[in-house]
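>>> Quick one, fold the following:
(chains A and B)
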Protein chains: 2
Amino acid sequence: MAILVVGSVAFDSIETPHGKRSKILGGAATYFSLAASCFADVRVIAVVGEDFLPEHEAVLTSRGIDTRGIERAPGLSFHWTGAYAGTLSEAQTLGTDLNVFERFEPKIPPAYADSEYLFLANIDPVLQARVRAGMPKVRMVCGDTMNYWIKDHAGNLARVLRELDVLLINDGEARMLSGETNAVRAAEKVLAMGPRSLVVKHGEYGATAFFGERSFGGDGTTRSFRAPALPLADVVDPTGAGDSFAGGFYGYIASQPELTPAVFRRAMFYGGVMGSFACECFGTERLQALTREEIDARFELFREISHLDPAAD
Amino acid sequence: MAILVVGSVAFDSIETPHGKRSKILGGAATYFSLAASCFADVRVIAVVGEDFLPEHEAVLTSRGIDTRGIERAPGLSFHWTGAYAGTLSEAQTLGTDLNVFERFEPKIPPAYADSEYLFLANIDPVLQARVRAGMPKVRMVCGDTMNYWIKDHAGNLARVLRELDVLLINDGEARMLSGETNAVRAAEKVLAMGPRSLVVKHGEYGATAFFGERSFGGDGTTRSFRAPALPLADVVDPTGAGDSFAGGFYGYIASQPELTPAVFRRAMFYGGVMGSFACECFGTERLQALTREEIDARFELFREISHLDPAAD
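Next up is the predicted model:
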């Protein structure tokens, strides 16, 4: 099963208490693709500039990711500069150079038309809606967004939310989108906006899924599910952890014949697994080298640290 | 098996977005006792003033709690005034009237001498150490503390920490005590100060146990365990949730013949269960009316929202 992702392929300049890196490969679609490619076929739609070199593309293609949808444009690629301090739970954005991304017009290559799973990474909801409309027959649509679109593009975002099977956002975004501080009330309000289910990421505390009445994944009785995060002694760089969570989550779902409640739960764990790996090195370094054995060993670790009797199931 | 708890029995005046209450029964030892009494025999050592009436004592004795160690002193009981806003994750203290608590000299009634489990609630570490010394034969010692003792009474607190089987504190206290922002490094430093294991409470995100090399509860391979919290739509009053967690956690342990890793894990879940109930009403109201059936039903709900295959174990 193939996942089509549209989003940013970019460069990041990052400073954390563990060091500093300049213009390393990043972007939501990059992290998502690398994480999801451990489970399923992944196809990317993005735009990059002249600074995106064959060595950068090879990071994706060497993991089997289809990059035919990555368009080249004159100029430089999207470049984000940020820093983390303290608990590393939140990035301080020091610079956002949109560059070629400013005029991004996603085009769906004919070879991508049969993708069954669509992921709308954090971009202008107008573009998210356009790609969604161009893929009318997909089996499932998941998406992300951020404070900027929530605050200033609410109408456009509302149209995207109605189309989503799963919306993946973080605590702050859920509060902003709903206007509610209580997590359950926030989730109820967000679900009322259209998504069939909502996954709220809590950083070092894991993630919670909330299921609407119409949701698949929900089993009718339990309206939420909490997945842990792995306590990490060395959070080297949390950049992309949320996108890696999304990639692990959605990649696992796409690898399964059917989205049952059990698959949704395991997908939440695989999301946490991929998010935890992403934090261990700067940029995409750790994701690039991952084996399925490492992933499944960590999945078992997630079970061990969260289950009453880890050996029983 | 009987638990002896020493700590505050007090009155709280509380304001939350759900309302306001004046001088209702509170205090760490009160919440702890009510929660623990659902699982084990509980004996309290505390001091109260002339405003502690038979109706207040009846809240404890009606749950089978032994109050012979609650000393009456001339004057008023300890009175805390606080308010919560926003996510209700942290209280703003508006007033702390120590009153009779200022001259608290814990005395161990002869009838309490055979208690096998000791809980040192958040009081002056000098008093914690004195009670610990007066109970040389207890099977297990757990304790709590807070920023005030960590900051200004570090030497006295250090002597208590060396005696603890389990220290239960929250995220902020773990960071302050260790001087580390990373949760794992903070835990390692705290464990190096003496406690055999550490339970860090994360409020609405649950709690994590960290096991030192010498710890029981740890199984040698997994050095941490994460228990969820229940997503609650109505957090009416979070006062005492941490003490109720401690009571559920320790009460369950005291009800079991042996502290195995499986018992420690279940205790973490029962802690979360009791903490969730405590938040549902003002003060101790919800805890006063709890049945074991409600507790076990919620325990199963905790399993459902956190386990990959809830029916399997």
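
>>> give me the element A:Ala262 is part of.
Assigned by DSSP states H and E, A:Ala262 falls within helix A:261-278.

>>> average pLDDT for that helix?
Confidence over helix A:261-278 (mean pLDDT, whole number) is 97.

>>> chain center to the helix or strand following that helix: distance?
Sequence order places helix A:285-288 as the next helix or strand after helix A:261-278, per DSSP H and E. Here the centre of helix A:285-288 is set off from its chain's centre by 15 Å, with Cα atoms, centre = their mean, to the nearest Å.

>>> helices and strands around the next helix or strand after helix A:285-288, which ones?
Downstream of helix A:285-288, the next assigned helix or strand under DSSP H and E is helix A:292-306. Judged by 3 or more Cβ pairs under 8 Å, 6 or more residues apart in numbering or on different chains; DSSP states H and E, helix A:292-306 is in contact with helix A:261-278, strand B:224-227. Yep, even glycine has a C-beta here, placed from its N, CA and C like the rest.

>>> for chain B, what are the nearby residues on the stretch 151-300 of chain A?
Neighbours of chain B within the stretch 151-300 of chain A, by Cβ under 8 Å from any Cβ of the partner chain: A:181-185, A:187-188, A:202, A:204-206, A:208, A:210, A:221-222, A:224-228, A:231-235, A:262, A:265-266, A:269.

>>> From those residues, list the buried ones, please.
Listed as buried from these are A:181-185, A:187-188, A:202, A:204-206, A:208, A:210, A:224-228, A:231-232, A:235, A:262, A:265-266, A:269; burial here means 16 or more other Cβ atoms under 10 Å in any protein chain shown.

>>> Which single residue of the stretch 1-150 of chain A ends up nearest chain B?
Closest approach between the stretch 1-150 of chain A and chain B, counting by Cβ to the nearest Cβ: A:Thr87, at 4.8 Å.

>>> pLDDT score assigned to that residue?
We have a pLDDT of 76 for A:Thr87.

>>> how close does the nearest residue to it once chain neighbours are set aside sit to A:Gly275?
Excluding the flanking residues, the one nearest A:Thr87 by Cβ to Cβ, 6 or more residues apart in numbering or on different chains is B:Thr181, at 4.8 Å. According to Cβ to Cβ, to the nearest Å, B:Thr181 stands 19 Å off from A:Gly275.

>>> gap between the two ends of stretch A:15-23?
Stretch A:15-23 stretches 11 Å from its first residue to its last (Cα to Cα, to the nearest Å).

>>> For it, buried residues please.
Buried, per 16+ other Cβ under 10 Å, within stretch A:15-23: A:15-16, A:21.

>>> For burial, what's the neighbour tally of A:Pro54?
Neighbourhood size, A:Pro54 [other Cβ atoms under 10 Å in any protein chain shown]: 7.

>>> same question, A:Ala158
A:Ala158 has 13 nearby residues by other Cβ under 10 Å.

>>> where does it land on pLDDT?
So A:Ala158 comes in at 97 (pLDDT).

>>> One more: A:Pro195?
At A:Pro195, the predicted lDDT confidence score is 96.

>>> Using just helix, strand and coil, how would you label it?
coil (DSSP: H, G, I helix; E, B strand; the rest coil).

>>> What distance do you get for it to chain B?
17 Å (Cβ to the nearest Cβ, to the nearest Å).

>>> Verify the contact between that residue and A:Gly212 for me.
Yes. The criterion here is Cβ atoms under 8 Å, and A:Pro195 meets it with A:Gly212 at 7.1 Å.

>>> More neighbours: the two, which one.
Neighbour totals were compared for A:Pro195 and A:Gly212, and A:Pro195 leads with 27 against 19 (other Cβ under 10 Å).

>>> Could you measure from the more buried one over to A:Val184?
Counting by Cβ to Cβ - A:Pro195 and A:Val184 are separated by 15 Å.

>>> cool, A:Glu105 as well?
Relative to A:Val184, A:Glu105 is positioned 39 Å away (Cβ to Cβ).

>>> What residues sit buried inside the helix or strand harbouring A:Arg68?
In the assignment (DSSP H and E), A:Arg68 maps to strand A:66-72. Of the residues in strand A:66-72, A:66-67, A:69-71 count as buried by neighbour count, 16+ other Cβ under 10 Å.

>>> Against which helices or strands is that strand packed?
strand A:2-6, strand A:41-48, helix A:54-61.

>>> Strand partners (parallel or antiparallel) of that strand?
Sheet pairing of strand A:66-72 (DSSP bridges) gives strand A:41-48 (parallel).

>>> Please compute how far the partner strand lies from its chain's middle.
Offset of strand A:41-48 from its chain centre (Cα atoms, centre = their mean): 13 Å.

>>> mean confidence for that strand?
Averaging the model's pLDDT scores along strand A:41-48 yields 98.

>>> now the angle between helix A:54-61 and it, please.
150 degrees (axes from the mean of the first three to the mean of the last three Cα atoms, to 10 degrees).

>>> CA atoms of strand A:41-48 as CSV?
Taking Å, rounded to 0.1, in the frame of the first residue of the first chain, the C-alpha atoms of strand A:41-48 are listed here in CSV:
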residue,chain,number,x,y,z
ASP,A,41,5.8,2.6,0.1
VAL,A,42,6.0,6.4,0.3
ARG,A,43,5.6,9.0,-2.5
VAL,A,44,6.5,12.6,-1.9
ILE,A,45,5.1,15.9,-3.3
ALA,A,46,7.2,18.9,-2.4
VAL,A,47,9.3,21.7,-3.9
VAL,A,48,13.0,22.3,-3.4
